[in-house]
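Asks: this one's sequence-less:
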């Protein structure tokens, strides 16, 4: 059965934590990703792709700092738009070439996408979104002292800069995304969580923040009436008691079960937390929807229950 599927994968899938983030490294990772996405397209599904940009936008901010005496630094919303364009270009070209090589003539379109947030969102005083490379605690403290940036420890992997991550309220280009899907195109949209904007008397205005791509992805998926929302991650299935002797993998969760696990602290904010919350919101909005948290390599197996964690309303 043909379904409309929204795929969300992170910026760390494009630039691995052990990599510098060169053009060749990023494109090699995108080629691997596109090979798996193509399998879903071969099965006849309509596919909408969204992606993160944490490492990439963090690198742009570092360039801002290093070159500010020569080239004027750009605000964070512009940096998000830059990564949205560059990664969208890479994904659309790479996936388009791959589909053509296997005899599938489907256009792949990348759309610059704005996402409305509230300027009163509490995240502007409590930054939480990880961006950029990893540092040691000593290095992070030195940068905080000299630059005034906020750093936090990221799931035992090192210290990273954090910036505001407001709640996404509206996908500005939602109707255009849906129209492109309806024509049969594969669409890349809301990259990096979307360009954060706020409504003002004069219209839309950019806001310095980075929206979580999973939260923007569920809003995008709901907006185009998707049947399924796949949140791609590094692990095969969601776990409770992660990293402990009592660790348990979950093949399925209802919303009520997921809420109970959330309340018990099983899904940390810096890792699985946003994915589970995004899945809950997506399946709760319309009866019959399903969300899957699964590794990229096993994305196609999620629908058969061979891999991944499926989240349903009940």
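Replies: That came in fine, so what should we check first? Just so it is clear, the model here is predicted, and its values are computed rather than measured.
Asks: tell me which helix or strand of this structure sits lowest on mean pLDDT?
Replies: strand 129-135 (a mean of 80; mean pLDDT, DSSP states H and E).
Asks: by contact count, what packs against whichever strand or helix holds residue 8?
Replies: Counting by DSSP states H and E, the element that carries residue 8 is strand 4-9. Judged by 3 or more C-beta pairs under 8 Å, 6 or more residues apart in numbering; DSSP states H and E, strand 4-9 is in contact with helix 23-42, strand 46-51, helix 213-223, strand 228-233. Yep, even glycine has a C-beta here, placed from its N, CA and C like the rest.
Asks: To residue 144, which of the ones you listed lies closest?
Replies: Taking C-beta to C-beta, helix 213-223 is the member of the helices and strands packed on strand 4-9 nearest to residue 144, at 25.4 Å.
Asks: now the angle between strand 46-51 and the closest one, please.
Replies: 150 degrees (axes from the mean of the first three to the mean of the last three C-alpha atoms, to 10 degrees).
Asks: Contacts only, for the residue nearest to the spatial centre of the chain.
Replies: Against the mean C-alpha coordinate of the chain, by C-alpha atoms, centre = their mean, the closest residue is residue 213 at 3.1 Å. By C-beta atoms under 8 Å, 6 or more residues apart in numbering, the contact list for residue 213 reads 8, 10-11, 50-53, 190-193.
Asks: Just the buried ones from the residues you listed?
Replies: 8, 10-11, 50-53, 190-193 (16 or more other C-beta atoms under 10 Å).
Asks: Report the angle between the least confident helix or strand of the chain and helix 213-223.
Replies: Going by the same axes, to 10 degrees, strand 129-135 makes 150 degrees with helix 213-223.
Asks: what's in contact with strand 129-135?
Replies: With C-beta under 8 Å, 6+ apart as the criterion, strand 129-135 contacts 17, 54-55, 57-59, 61-62, 123, 143, 151-152, 154, 157-165, 209-212, 270.
Asks: Stretch 262-280 too?
Replies: By C-beta under 8 Å, 6+ apart, the list of residues contacting stretch 262-280 reads 8, 128, 130, 152, 154-155, 212, 214-215, 217-218, 229, 231, 233, 238-242, 255, 258-259, 261, 291-293, 311.
Asks: make it 7 Å
Replies: Here stretch 262-280 makes contact (C-beta atoms under 7 Å, 6 or more residues apart in numbering) with 128, 130, 154-155, 212, 214-215, 217-218, 229, 231, 233, 238, 240, 255, 258, 261, 291, 293, 311.
Asks: Okay, buried residues for that stretch please.
Replies: 266-267, 270-280.
Asks: what about the helices in the stretch 201-314 of the chain?
Replies: 213-223, 255-263, 273-285 (DSSP state H, counting those that start in this stretch).
Asks: If I take the second one and helix 273-285, what angle do their directions form?
Replies: For helix 255-263 against helix 273-285, the angle between stretch directions is 160 degrees (the same axes, to 10 degrees).
Asks: Show the average pLDDT along the lengthiest helix in the chain.
Replies: Looking across the chain with DSSP state H, the single longest helix is helix 76-101. Mean pLDDT, helix 76-101: 95.
Asks: that older thread, widest-spaced pair of the buried residues of stretch 262-280?
Replies: Counting by C-beta to C-beta, the most remote pair of the buried residues of stretch 262-280 is 270 and 280, 17.8 Å apart.
Asks: now stretch 21-33, how far from the centre of its chain.
Replies: 16 Å (C-alpha atoms, centre = their mean, to the nearest Å).
Asks: Name the residues of that stretch that are buried.
Replies: Applying 16+ other C-beta under 10 Å to stretch 21-33 flags 21, 26, 29-30, 33 as buried.
Asks: Closest to residue 3 out of those?
Replies: Among the buried residues of stretch 21-33, residue 33 lies closest to residue 3 (C-beta to C-beta), at 19.5 Å.
Asks: In this structure the closest one contacts residue 8, no?
Replies: No - taking C-beta atoms under 7 Å as the definition, residue 33 is not a contact partner of residue 8, at 11.6 Å.
Asks: In contact with residue 58, which residues are there?
Replies: Counted by C-beta under 7 Å, 6+ apart, residue 58 has contacts 131-133, 161.
Asks: 10 Å instead, please
Replies: Applying C-beta atoms under 10 Å, 6 or more residues apart in numbering, we find residue 58 in contact with 11, 15, 21, 79, 83, 130-134, 160-161, 163, 210.
Asks: Wait, a helix at it?
Replies: Yes - according to DSSP: H, G, I helix; E, B strand; the rest coil, the state of residue 58 is that of a helix.
Asks: and the contacts of strand 129-135, which are buried?
Replies: Buried among the contacts of strand 129-135 (16+ other C-beta under 10 Å): 54-55, 57-59, 61, 123, 143, 151, 154, 158-165, 209-212, 270.
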